[in-house]
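Asker: Just the structure for this:
(chains A, B, C and D)
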2 protein chains.
Amino acid sequence: MKKTTRTDTILTRLTQDILGKRLAPGTTLDETRLAEQFGASRTPIREALRQLAASGLVELRPHRAPLVAPTNDLRLAEMFDVMAELEALCASRATLAMNAAQRAELDAFHRSMAPIVRDSDVAAYRAANVVFHTMIYDGARNGYLKQIALSTRERLAPHRGVQLEAPARLAQSHLEHGEIVTAILRGDHEAAANAMRRHLTITRETLATLAPARTSGDLPK
Amino acid sequence: MKKTTRTDTILTRLTQDILGKRLAPGTTLDETRLAEQFGASRTPIREALRQLAASGLVELRPHRAPLVAPTNDLRLAEMFDVMAELEALCASRATLAMNAAQRAELDAFHRSMAPIVRDSDVAAYRAANVVFHTMIYDGARNGYLKQIALSTRERLAPHRGVQLEAPARLAQSHLEHGEIVTAILRGDHEAAANAMRRHLTITRETLATLAPARTSGDLPK
DNA sequence: GATGATTTGTACGTATGTATA
DNA sequence: ATATACATACGTACAAATCAT
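Answerer: Okay, the predicted model is just below:
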């Protein structure tokens, strides 16, 4: 049923491989090597690489082998920062723009996450968490905002995942979600924004505690 | 001195053509036609098109001719909305992060725009305006934020340009800049954000007055 | 609905640029 | 500094898909 082009399948595969850390940052990506590896010619590889470069996952220098974008710690911090603001904005707008059905759904979904927390099911929580945040993106009723929030979130995803494994982080995260939901239902958009900003700030801090100063790797020359 | 690849020159040419409305939205872009038009083969054309698709300027469907992205009025409004928030955030952060030199430079540059306003030199003001806003992006000291602000601004540019031609808009715009600068120098980041948000909101409203409901063009089928 | 014209998707060979010995 | 190695950049041929007839 799904029509897909070779470039597309390669693109998604490579995306997964990079986000899933199966391709380490800094790795050099040889067109020819990838081509035989995927059993395709170099052309679709090239096009996939372009798109990856556009989304920031690989770095592309003229006439040089593409690199899996090295995770610049500074840039990462910047993205977390912006992510918090984007999501805070989403929360604020969602408070103002969500209709009754969306509010009810958000509240219900939030409550449905309680058992997951009780069971300490990190994998399930992670999945539900994405849904939760996405509901708020949607609630903001701004497609462009949703788009940049999603793409930022996607790029942060691999760095964000671990923090949920911190002791008691699940329960705390769920509490923070609760504050956000409460603010939204109450119609207090500033409180919603602040709660969301706080939620993401804590996420980042937890992360910093867990993965202290991953060495910045190779500084070329 | 500048080394450039064929794909790059084609990319910038096409970008200019699209942003400059020489290629109308909805136009179908034939690879082969573009190829001979640029005196190149289809390969660099294709790669340029991918990158344009990534930046949202063209739409790319499998096995179908690429389209110059039709300017969806809703999406445009959404982008204006987000742009205002992004720039407000930049202003807020710049207030907190700019060093003394940057503050002085911003203030000086702002003042240097006064003669341009007096002469009603729209072209010069437009150019200076970009510099002004960019100085604030830089002041925020967040490369990622700057990146998405710039790309949003770039895509809005063609829709934004005309409004400066509205009567007395130059003078008003300059006044609004003044409020932003004052707030930043005063160290009031909330005021700076609000002033910036207001500035962009007025920009949008002026635009709406000038170009009332540009007909949405051809609805295919 | 099938067929042909047109256009994109893919393969691969050659040219060119970059880095290293 | 020159030459050599190696990967991309570009060109062209062919396959596959879409649209019109």
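Asker: Look at the residue of chain A found nearest chain B and report its pLDDT.
Answerer: Scanning chain A for the residue nearest chain B gives residue A:54, at 3.1 Å (criterion: CB to the nearest CB). Where you see a C-beta, it was placed from the backbone N, CA and C, and this is true even at glycine. Reading off the per-residue confidence, residue A:54 sits at a pLDDT of 86.
Asker: ok, it - how many residues close by?
Answerer: Taking other CB atoms under 10 Å in any protein chain shown as the criterion, the count of residues near residue A:54 is 16.
Asker: what sits against it?
Answerer: Contact partners of residue A:54, counting by CB atoms under 8 Å, 6 or more residues apart in numbering or on different chains, are B:50, B:51, B:54, B:55.
Asker: Try it again at 10 Å.
Answerer: Going by CB atoms under 10 Å, 6 or more residues apart in numbering or on different chains, residue A:54 touches A:60, B:50, B:51, B:52, B:53, B:54, B:55.
Asker: Provide the secondary structure category for the third one.
Answerer: Which is residue B:51. In terms of secondary structure, residue B:51 is helix; the call rests on DSSP: H, G, I helix; E, B strand; the rest coil.
Asker: ok, now which ones touch it?
Answerer: With CB under 10 Å, 6+ apart as the criterion, the residues that contact residue B:51 are A:50, A:51, A:53, A:54, B:7, B:8, B:10, B:11, B:14, B:15, B:57, B:58.
Asker: Help me confirm that the first one comes into contact with residue B:7.
Answerer: Yes. Look at residue A:50 against residue B:7 with CB atoms under 10 Å: they come within range, at 8.8 Å.
Asker: shaky segments in chain A?
Answerer: For chain A, residues meeting the criterion pLDDT under 70 lie at A:1-3, A:161, A:210-221.
Asker: so which strand or helix has the residue nearest the centre of it?
Answerer: By CA atoms, centre = their mean, the mean C-alpha position of chain A lies nearest to residue A:153, the distance being 2.5 Å. Here residue A:153, judged by DSSP states H and E, is contained in helix A:143-160.
Asker: in the very next helix or strand once past that helix, what counts as buried?
Answerer: Taking DSSP H and E as the definition, the helix or strand that follows helix A:143-160 towards the C-terminus is helix A:169-186. By neighbour count, with 16 or more other CB atoms under 10 Å in any protein chain shown as the criterion, the buried positions of helix A:169-186 are A:169-170, A:172-174, A:176-181, A:183-185.
Asker: For residue A:50 and residue B:7, indicate the residue with more neighbours.
Answerer: With other CB under 10 Å as the criterion, residue A:50 and residue B:7 differ in neighbour count, and residue A:50 comes out ahead with 23 against 20.
Asker: need the contact list for the more buried one.
Answerer: Applying CB under 10 Å, 6+ apart as the definition, the contact partners of residue A:50 turn out to be A:7, A:11, A:58, A:60, A:66, B:7, B:46-51, B:53-54.
Asker: wouldn't residue A:61 be in contact with residue A:67 here?
Answerer: Yes. At 7.8 Å, residue A:61 counts as touching residue A:67 under the criterion of CB under 10 Å.
Asker: who touches both of these two?
Answerer: residue A:53.
Asker: So those two - more neighbours on which side?
Answerer: residue A:67 (17 against 9).
Asker: circling back to that earlier point, okay but the residue nearest to the centre of chain A is in contact with residue A:203, surely?
Answerer: No. The criterion here is CB under 10 Å, and residue A:153 misses it with residue A:203 at 11.3 Å.
Asker: Now for these two: what residues contact both?
Answerer: Counting by CB under 10 Å, 6+ apart, the residues touching both residue A:153 and residue A:203 are A:83, A:160.
Asker: Can you tell me the closest non-neighbouring residue to the residue nearest to the centre of chain A?
Answerer: residue A:83 (6.6 Å; CB to CB, 6 or more residues apart in numbering or on different chains).
Asker: residues touching that neighbour, list them.
Answerer: Under the criterion of CB under 10 Å, 6+ apart, the contact list for residue A:83 reads A:148, A:149, A:152, A:153, A:155, A:156, A:160, A:200, A:203, A:204, B:144.
Asker: thinking again about what came up before, now the common contact residues for residue A:50 and residue B:7.
Answerer: With contacts taken as CB under 10 Å, 6+ apart, the residues that reach both residue A:50 and residue B:7 are B:46, B:47, B:48, B:49, B:50, B:51.
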